[in-house]
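> Fold the stuff below for me.
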Amino acid sequence: MNELFGEKKGQLGKLEHPIACLFRKNQIRHRTCHDACFLYDAKAFPYFKETMKRTHHCNELRKADAGSSANIAGWIDSVRDHGGILFIDLRDREGKTQLVLDPENSELAKVFSQLKPESVIQASGEVRERDGDTVNANLPTGEVEIHVAELIIHNQSKTPPFPMDDEGDRVGEELRLAHRYLDLRRPKNFETLKLRHKASKAIRDYFDANGFLDVETPMLFKSTPEGAREFLAPSRLNPGKFYALPQSPQQYKQMLMVAGVERYYQLARCFRDEDLRADRQPEFTQVDVEMSFIDREDMYALIEGLLKRVWQETLGTEIETPFLRMPFEEAMNRFGSDKPDMRFGLEIQDFSETFRESDFKVFSGTIASGGSVKAFNAKGLADLTQGELKHLEETAKSLGAKGLAFIKSENGDWKSPILKFLSQSEQDKLREDLFVEDGDIIFFAAGDWESSCNILGRVRFVR
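Below you'll find the model as predicted:
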């Protein structure tokens, strides 16, 4: 041990594989991932106390606390040296508080060089009101600061491998995942964890208030045919046999209904061995609900109330209920999707009657065979490049289209390879119904009804 830490009491030495959180006599060992670890002699640092008790968190002190003493702990967010006086923003999960360290305190001055960003420290001292020109209006604690009398360095950090603010988003995902414990410290990610907690709590409170039972169902189950491939877990006690991880608790909740539970819910973990999608990964959580003795309107009211409660308690946003209802056919006709995004326009319109007798045989032939011709106006996007138009065409072809017809309106003229096939009355009808102005571009789809809707519905979303 002397070789590792040095022979003199109070000397600092690096420990590669320390034992976490051991207190032996007057010596204190500590450890954290990615951090350098040191042994301190408590007698050499009289202010070094073993207590971890805090009187306040880092977003708690206010102007009314001036004159009182406080003991807080957290991570060093930043260190600023103003003429030898150190100003430290100390951060915990609640917020930040400014610390002031005066070099006239000789014991504090000894450790100034060890106070690095992301180090874990504990500080106690007097809460003082800041001078008028030093008040930080951007912080809830910005009217006060702690003038530190005693300081404990619990862990001294190395320089993090990426910035701990929003600049960290520019770093490659692999590096951030390799240091996930650091990535989760960043305010953006921590706020996401808090938001999920609030949502989970709101969901549980809502269902509890509506007479539901939260029932946890098993993770290991017999393999059953469902919509996706299952993850399998081998059984040690039954060689050659496997359990399946649940894709959803479908059979369990049906069992609960037959058993008379009547109202069940669960924040259920689900596992599906399938390719990644924008809204799906192999392991995810779903709000699983089952009810007895209800009709469709009861379920609508329940889920609308749930979403209203969650939005209110997590975002402070009031949403109106009941929600707008739209028949499937209307949603497809207007937006090309059975889950329409109504936050922007680009509504699709049907021009089958307009082109029924058209000289453009692609349109009239499609209509004669029972199909439809649809179009929408992409306002202000006539300046799309050839590469962007090619990408849109490939998107349409991936859904079965032979191409993607378009008309650009530029400098008072219409431009399109199909324009020579369209009569003036057909062009006037497009201009009138789609409110075509200079700088717009019209996209068309011709085929069976569902195909035409799907093609333009997808084109609406291509960025």
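
> For Ser235, the count of nearby residues, please.
The local packing of Ser235 (other C-beta atoms under 10 Å) involves 12 other residues. Where C-beta positions appear, they are placed from N, C-alpha and C, glycine not excepted.

> Now do the contacts for it.
Shown in contact with Ser235 (C-beta atoms under 8 Å, 6 or more residues apart in numbering): Lys241, Phe242, Tyr243.

> redo that, cut-off 10 Å
Residues near Ser235 by C-beta atoms under 10 Å, 6 or more residues apart in numbering: Leu220, Lys241, Phe242, Tyr243.

> These: which two are farthest apart?
Greatest spatial distance among the contacts of Ser235 (C-beta to C-beta): Leu220 and Lys241, at 11.4 Å.

> Low-confidence ranges, the stretch 301-450 of the chain, go.
Along the stretch 301-450 of the chain, no part satisfies pLDDT under 70.

> Just the helices from the stretch 251-400 of the chain, written as ranges.
With DSSP state H, counting those that start in this stretch applied, the stretch 251-400 of the chain shows helices at 296-315, 328-335, 361-368, 386-398, listed in chain order.

> Need the ones you listed in TSV (columns: mean neighbour count and distance to Asp341).
Conversion of these to TSV gives the following (neighbours: other C-beta atoms under 10 Å; distance: least, C-beta to C-beta, whole Å):
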stretch	mean neighbour count	distance to Asp341
helix 296-315	15	16
helix 328-335	16	7
helix 361-368	17	27
helix 386-398	14	16
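
> quick one, which of the ones you listed is nearest to Ile418?
Taking those one by one with C-beta to C-beta, helix 361-368 is closest: 7.8 Å.

> helices or strands up against that closest one?
For helix 361-368, the helices and strands in contact under the criterion 3 or more C-beta pairs under 10 Å, 6 or more residues apart in numbering; DSSP states H and E are strand 372-378, strand 441-447.

> So for the last one, what gets flagged as buried?
Right, strand 441-447. Of the residues in strand 441-447, Ile441, Ile442, Phe443, Phe444, Ala445, Ala446, Gly447 count as buried by neighbour count, 16 or more other C-beta atoms under 10 Å.

> by contact count, what packs against the next helix or strand after that strand?
Remark: after strand 441-447, the chain's next helix or strand is helix 449-461, criterion DSSP states H and E. Contacts defined by 3+ C-beta pairs under 10 Å, 6+ apart place helix 449-461 against helix 328-335, strand 349-350, strand 372-378, helix 386-398, strand 441-447.

> if I look at the closest residue to His154 other than its chain neighbours, how far off is Pro249?
The shortest distance from His154 to any residue that is not its chain neighbour, by C-beta to C-beta, 6 or more residues apart in numbering, is 4.3 Å, and that residue is Val120. Between Val120 and Pro249 the computed distance is 41 Å (C-beta to C-beta, to the nearest Å).

> what does Phe421 give?
Phe421 sits 57 Å away from Pro249, taking C-beta to C-beta as the criterion.

> between the two, who's got more neighbours?
Relative neighbour count places Pro249 above the other of Phe421 and Pro249, with 24 against 17, counting by other C-beta under 10 Å.

> Generate a markdown table for the helices and strands packed on helix 449-461, with distance to Phe284 as supplementary columns.
As requested, these are arranged in a markdown table below (distance: least, C-beta to C-beta, whole Å):
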| stretch | distance to Phe284 |
| --- | --- |
| helix 328-335 | 26 |
| strand 349-350 | 37 |
| strand 372-378 | 33 |
| helix 386-398 | 26 |
| strand 441-447 | 33 |
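
> which one of these lies closest to Ile407?
Comparing these by their distance to Ile407 (C-beta to C-beta), the top pick is strand 441-447, with 4.5 Å.

> What is that closest one packed up against?
Using 3+ C-beta pairs under 10 Å, 6+ apart as the contact definition, the elements that strand 441-447 packs against are helix 361-368, strand 372-378, helix 386-398, strand 406-410, helix 424-434, helix 449-461.

> Could you rerun that using 8 Å?
Using 3 or more C-beta pairs under 8 Å, 6 or more residues apart in numbering; DSSP states H and E as the contact criterion, the secondary-structure elements in contact with strand 441-447 are helix 361-368, strand 372-378, strand 406-410, helix 449-461.

> who does it pair up with?
Here strand 441-447 is paired, per DSSP bridges, with strand 372-378 (antiparallel), strand 406-410 (antiparallel).

> which residue ranges form the strands in the stretch 1-150 of the chain?
Taking DSSP state E, counting those that start in this stretch to define them, one finds strands in the stretch 1-150 of the chain at 22-24, 27-29, 35-36, 39-41, 69-82, 85-91, 96-101, 120-129, 144-157.

> Need the winner for burial among these.
Per-stretch averages of neighbours, counted by mean count of other C-beta atoms under 10 Å, single out strand 96-101 among the strands of the stretch 1-150 of the chain, with a mean of 24.

> Okay, now the sheet partners of it, with direction.
Sheet neighbours of strand 96-101, with direction, are listed as strand 85-91 (antiparallel), strand 144-157 (parallel) (DSSP bridges).

> Run through who's touching stretch 375-394.
345-349, 351, 403-404, 406, 408-410, 430, 434-445, 456, 459-460, 462.

> So how do I select the buried members of those residues in ChimeraX?
Buried members of the contacts of stretch 375-394, defined by 16+ other C-beta under 10 Å, are picked up in ChimeraX with:
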select :346,347,348,349,351,404,406,408,409,430,434,436,440,441,442,443,444,445,456,459,460
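
> Provide a list of residue ranges in the stretch 51-200 of the chain with pLDDT below threshold.
Residue ranges of the stretch 51-200 of the chain with pLDDT under 70: 51-52.

> mind putting the helices and strands packed on helix 361-368 in TSV, distance to Met326 included?
TSV is the format used below for the helices and strands packed on helix 361-368 (distance: least, C-beta to C-beta, whole Å):
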stretch	distance to Met326
strand 372-378	17
strand 441-447	21
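
> So which of the ones you listed is nearest Glu173?
Checking the helices and strands packed on helix 361-368 against Glu173 by C-beta to C-beta gives strand 372-378 as the closest, at 32.5 Å.

> gap between stretch 352-361 and the chain center?
Taking C-alpha atoms, centre = their mean, to the nearest Å, one finds stretch 352-361 lying 47 Å from the centre of the chain it belongs to.

> Noted, bye for now.
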